[in-house]
Structure formats: structure tokens, C-alpha cells
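Asks: Need a 3D model of the following:
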Amino acid sequence: MKNYNEDHLLKIVKKIVKKQLSSDNVHITLGKGSEKLDGFMGEILTIHTVDQDTQKSLELIAKISLKDEKIRNYTAIAQSYKNEIQAYEEFFPALQEMRNDFKISQPIKSLVKFYHASETQNEEYIIMENIKMKGYEMLPVRHLLNNEEVKLIFESYGELHASSLALKALHPKKFQEITGQNVSVFRLILDMKISKDVAYSMTSIRDVMKEKCFEHVLLNKYTEDTIGILKKKMDFRGEKYVSFTHGDGWSNNIMFKYEVRNGQRSLSDIKLLDWQAWSVGPPVIDIMFCLFSSCSKEVFENLDTHIESYYESLTKTLMLYNLKAEEIYPFQEMQRQLEQHYHYPAIFGMMIRKIRSFDENHSIDPVNYSSNDDSTFFDAVRDIKFDKDYLFENLKYVFDFLDKKTNKNYDI
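Replies: Residues are numbered from 1 along each chain as shown. Just a heads-up that it's a prediction; the model follows:
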């Protein structure tokens, strides 16, 4: 059974193609869609279109929400789509309008081209460019980011955050109009049934580390009151230096493009995806979320260099708007935020590292967990086998880093 209205989707795609290719004589091929989903917010459908006269093509992708009532009630699917659609329809266009005012013709590099969306309840979808057809790829889930990849990611966040800070400084009413009604998905789920799975995940991590004869004060604290700590540490009221943040910047929400130069494969570009969890908060949340969820040991060892790259990108971008970084987001304030706001990204990062350790052959289809079934998608997730050695090895150096960062002062 299809998870979408094919006639309606084809009608929308025809309108997009007519505008983009100036043609009514178009052949449209819909892909099968993702049978086994990587997440639980929706399925991905590829859309191939060709102008029959010119043979020009437009490659699209549709992200379509799941309809199952039990999964929707258990998570924040409706709000997730509402957030992402607002990012594409309101926030990013506001940034581009501001850039146009400053004669900056190029869009923000890390954003994917957006075409259409609907946030109609139970029929949410988003249509955007299929960048896979331009050579972008997802990295294997177990791949931990290296220095080359992180440098470009942090620079991309620098450009995005600087543009957001510029909008806030130059057009405060516009910034408030767009961001003022934002509902953080991560904060929302802490009051939903899925919160018990968040807490369970931390407990299972602690148990694995104990099996490996590793105990840590901070891990015990995170486990004892996971939800309470997250609620406290995700409250940024009173924080002066805030911007639009991605909110869920692990590597599975990024696509990478590589080129072969002199026989060597090197990274040339990235695109940031999946804006469901965007919110307003300290800019450093994004780079710390990336760090704790997705980075290899070599990145932790070179973090100061990557922070400098991030701030340099932010500074250069602010200069395009005739703004000074030392006034808009002083370096010392960024350093303070790095020291103050690490708990929330650290907790989510550890849980994502557990996801990375899942059996690589696992396959879960949320469609199999219908509203009439007593089992849930998340019961199945709990039962997935995972590589405890992999998890231990890739959490140990995170705690080593936290020991050095905090001088073992773990007040929460």
C-alpha cells in the first residue's frame, strides 16, 4: 500500500516541472520509495522527470510522512514536518532576501534546492532536488568523520550561523516573526511517550560500559535523570547569543560530494539535510552535536583547529553584511558557550553512537508496526543487536575528552 496520493503528487510535480523546464510535454517516473526506512519520520520517493522535446531532466525527491496513527502519536511527526517546511518556506528565503540586499548572488552553499511542500495533517510531504544525481552521497552509518570532512562541515555551519545572526541583528522583527513560534522537536519529545526510549538508550549505554569495566561519574548522572537533565540543558532562556540552529547535525543528516584529484579522492562539497529539529539556541550547539555524535578520535584531538575554522568562516560571512564578529558573536562568548552547553549534545551524541553500533544488517520497516498491533516500532529498535566493542571504543575517547574539557568537574 502506497504511503501517498499518487494523483496529487503527480499534479504537483507537473507544476514544478512546467515552471522549471517551461514544458508541458514531460514524462514522469516515480521510484518505488524506501521499503525499509532509515528513520521513522517518513519515506523517501525518487522522482525522475524528462522533457520529451529537449530531453532536459529534473531530478526530484519527495519526503513523505508516515500515516500510521500509533507511530505519529508516539513521536512528533507533524511538528517535525511543520518545522522543516517553515525552514524552507520562510527562514531560508529570508536569508536569501537579505543576501540579495547586499548583492550576494550566491545562496548559502550547504542548502539543498527546495520546490514544494504540504503540512496538511497526515499528508505532509516535502519535494526538493535529488542531489544524489549530482554525485552527493550518504556516508556509511559507522563512518566517523575525519578532519577533512569536519573542516568543511564546521565552515558550513559558520556561514549559516553568521547569516542567521546577521538577520537577527539587521532585521530583528523578521527574525522574531519566523523563529518566535518555533517548537523544538527534541524538547517536545521529552514530554511524549518516546521519552522512555530516550532514557532506556542511556541506561543501555551505561550497562555496556559497565560490562567493559568502565564507569564514569558523568555517565551515571546522565543515566539517573536523562530527561530532567535534557529539559534543563535545552532551556536557553537568558542566553544572549543565539541563532537559528540545525539541531540534529549528525552525519546521517549530511550528504557529501567527493572528487578524484591526482588519483586521490577528496571532499569537495557538503549539503545539510533534515531540518525538522531546528530551533533557536547557542550556535555552538550544532558543532558540538556533530562532534559528540559523529566525529572520530582525530577530530577531538584537533578540535581547537576546527573551532578556529568555524569562527573564521563565521567572521568572513558577517563581513559580507558589514558586521563585525566581535560585536555580533564575540570569540570569548563562543568559548563560554562551548564550556557551558555541552551536556545536551553529549547525551544525544552518545545515543547516536549507539545507533551507529547497530547490526549493519538490521532492517526495520515501520509499516509493519500498525496501529492495530500491540508491538511498536520502538520495541523492535530495542531488540536490535549492536556491537558492544564498537560502542565502547567510540565512547571511551569521548569521555577522555570530557575529562580534559571539564577538569573532571561534572556539576550539572
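Asks: Out of the helices and strands in this structure, which is least certain?
Replies: Ranking every helix and strand in the chain by mean pLDDT, DSSP states H and E puts helix 377-382 at the bottom, with a mean of 62.
Asks: For the longest helix along the chain, list the C-alpha coordinates in CSV.
Replies: Counting residues, the longest helix in the chain under DSSP state H turns out to be helix 147-170. Listed next in CSV are the C-alpha coordinates belonging to helix 147-170 (Å, rounded to 0.1, in the frame of the first residue of the first chain):
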residue,chain,number,x,y,z
ASN,A,147,39.4,16.1,9.8
GLU,A,148,38.8,16.9,6.2
GLU,A,149,35.1,16.3,6.5
VAL,A,150,34.7,18.2,9.7
LYS,A,151,36.5,21.2,8.5
LEU,A,152,34.0,21.7,5.7
ILE,A,153,31.0,20.9,7.9
PHE,A,154,32.1,23.5,10.6
GLU,A,155,32.8,26.1,7.9
SER,A,156,29.3,25.5,6.5
TYR,A,157,27.8,26.0,9.9
GLY,A,158,29.9,29.2,10.3
GLU,A,159,28.2,30.5,7.1
LEU,A,160,24.7,29.5,8.2
HIS,A,161,25.1,30.8,11.7
ALA,A,162,26.6,34.1,10.6
SER,A,163,23.7,34.7,8.2
SER,A,164,21.2,33.9,10.9
LEU,A,165,23.0,36.3,13.3
ALA,A,166,23.0,38.9,10.6
LEU,A,167,19.3,38.6,10.1
LYS,A,168,18.7,38.8,13.8
ALA,A,169,20.9,42.0,14.0
LEU,A,170,19.7,43.7,10.9
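Asks: Next secondary structure after that helix?
Replies: The element immediately downstream of helix 147-170 (helix or strand, assigned by DSSP states H and E) is helix 172-179.
Asks: List the contacts of that next one.
Replies: By C-beta atoms under 8 Å, 6 or more residues apart in numbering, the residues outside helix 172-179 that reach it are Gln86, Glu90, Phe91, Ala94, Ser164, Leu167, Lys168, Phe244, Val280. No exception for glycine: its C-beta is placed from N, CA and C like everyone else's.
Asks: Which one (most neighbours) among these?
Replies: If you count neighbours using other C-beta atoms under 10 Å, the busiest of the contacts of helix 172-179 is Phe244, which has 28 neighbours.
Asks: my guess is it is in a strand, correct?
Replies: Yes - counting by DSSP: H, G, I helix; E, B strand; the rest coil, Phe244 falls inside a strand.
Asks: Show the contacting residues for it.
Replies: Applying C-beta under 8 Å, 6+ apart to Phe244 gives the contacts Phe91, Leu160, His161, Ser164, Thr179, Trp278, Val280.
Asks: 7 Å - rerun?
Replies: In this structure, Phe244 makes contact with Phe91, Ser164, Thr179, Trp278, Val280, judged by C-beta atoms under 7 Å, 6 or more residues apart in numbering.
Asks: Could you check how far the second one is from His341?
Replies: Per C-beta to C-beta, to the nearest Å, Ser164 is found 17 Å from His341.
Asks: Poorly predicted segments of the chain, please.
Replies: The model of the chain has pLDDT under 70 over residues 1, 33-40, 361-383.
Asks: what do you get if the cut-off is 50, keeping everything else the same?
Replies: When the per-residue scores of the chain are filtered using pLDDT under 50, the ranges that remain are 35-39, 370-371, 374.
Asks: so where do the strands sit in it?
Replies: When secondary structure is read from DSSP state E, the chain shows strands at 26-30, 42-51, 57-65, 114-118, 125-129, 136-137, 243-245, 254-261, 264-272, 279-281.
Asks: which of the ones you listed is buried the deepest?
Replies: Across those, averaging neighbours per residue (mean count of other C-beta atoms under 10 Å) puts strand 243-245 on top, at a mean of 26.
Asks: Report the distance from it to the chain centre.
Replies: Mean C-alpha position of strand 243-245 versus that of the full chain (C-alpha atoms, centre = their mean, to the nearest Å) differs by 13 Å.
Asks: Just give the strands next to that strand in its sheet, each with its orientation.
Replies: strand 279-281 (antiparallel) (DSSP bridges).
Asks: Surely Tyr344 and Lys231 touch.
Replies: No - no contact is recorded between Tyr344 and Lys231 when judged using C-beta atoms under 7 Å, the distance being 9.6 Å.
Asks: Compare the two (neighbour count), which wins?
Replies: In this view Tyr344 and Lys231 are compared by other C-beta under 10 Å, and Tyr344 has more residues nearby, 24 against 15.
Asks: what's the spacing between that one and Ser201?
Replies: Computed as C-beta to C-beta, the Tyr344 to Ser201 distance reads 15 Å.
Asks: now Lys385
Replies: Taking C-beta to C-beta as the measure, Lys385 and Ser201 are separated by 15 Å.
Asks: quick one, which of these two is more surrounded?
Replies: Between Lys385 and Ser201, Ser201 has the larger neighbour count (other C-beta under 10 Å), namely 21 against 10.
Asks: Return the residues in contact with the more buried one.
Replies: Contact criterion C-beta under 7 Å, 6+ apart gives Met351, Lys354 as the residues in contact with Ser201.
Asks: Apply 10 Å and report the result again.
Replies: Neighbour list for Ser201: Thr223, Thr226, Ile347, Phe348, Met350, Met351, Ile352, Lys354, Ile355, Val381, Arg382 [criterion: C-beta atoms under 10 Å, 6 or more residues apart in numbering].
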